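Q: following is a predicted model, sequence given first.
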Amino acid sequence: MTRKIFLVLIAFALVLAGFWFGHARKKDPEPPVILKEVQTLGELVTVKYVMEKVVTHEIEKTFGKDRVLLIAQGVVKAGIDLRKMTNEDIRISADAVSFHLPRSEVTDKYLVEKETFVYDRRTGFFIHPEKNLEAEARRIALGAMLASAHANGIHKDADDRAKALITKLGQQLGFKTVEFH
């Protein structure tokens, strides 16, 4: 995944380099051209949370309970989708560039299967095991991880890191000022 982020950053750097060289040759670059280049980058994933949750899920039946204790590890990723930008989202002047970035969003969420397992399963003596009990516990674990990521500020982290990356690239390409509006 780190390689994918690196490739996206390289592509973004090339786009910004094109903007900078184009800007040096002509005073007012065309916003549609800039927008098209930025949109080709697609999703910029900037945050990856790796979490563990312990979930107990049970179903009460007439003659007892069917219970599972699941230990789950999962990943929640967030970033910005540059394809959502419009011409009005990019402004270039003498030695400054200004962006209006789309809001961050969760781009992916999943359980790490190699690290997710049933720690304990107990079924009453007169009860048939529920087929979907483990699948439901997995769904609950993933939902809890997503809620935890939201509560811990995954969107703010994604926005802050996207701005930091874009600012650094802009400065390395010669823009004195990189702003976000």
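A: Great, that's in hand.

Q: going forward, measure contacts between C-alpha atoms and count neighbours the same way
A: Noted.

Q: what about the residue nearest the centre of the chain, which SS state?
A: The residue lying closest to the centre of the chain (Cα atoms, centre = their mean) is A78, at 1.5 Å. Three-state call for A78 (DSSP: H, G, I helix; E, B strand; the rest coil): strand.

Q: quick one: which helix or strand includes the residue nearest to it when sequence neighbours are not counted?
A: Of all residues beyond its chain neighbours, the one nearest A78 is V106 (4.2 Å), with distances taken as Cα to Cα, 6 or more residues apart in numbering. In this assignment (DSSP states H and E), V106 forms part of strand 105-111.

Q: for that strand, buried residues please.
A: 105-107, 109-111 (16 or more other Cα atoms under 10 Å).

Q: after that strand, which helix or strand is next?
A: Assigned by DSSP H and E, the successor of strand 105-111 is strand 117-123.

Q: chain center to that following strand: distance?
A: Computed by Cα atoms, centre = their mean, to the nearest Å, the chain-centroid distance of strand 117-123 equals 32 Å.

Q: cool, stretch 60-72 as well?
A: 33 Å.

Q: output stretch 97-104 as CSV - backbone C-alpha positions only.
A: The C-alpha trace of stretch 97-104 is given here as CSV (Å, rounded to 0.1, in the frame of the first residue of the first chain):
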residue,chain,number,x,y,z
VAL,A,97,-1.6,28.1,-5.9
SER,A,98,-4.8,27.7,-4.0
PHE,A,99,-6.9,24.5,-3.7
HIS,A,100,-10.4,23.8,-2.5
LEU,A,101,-10.1,20.1,-1.7
PRO,A,102,-13.1,17.7,-1.4
ARG,A,103,-14.0,16.4,2.0
SER,A,104,-12.2,13.3,3.1
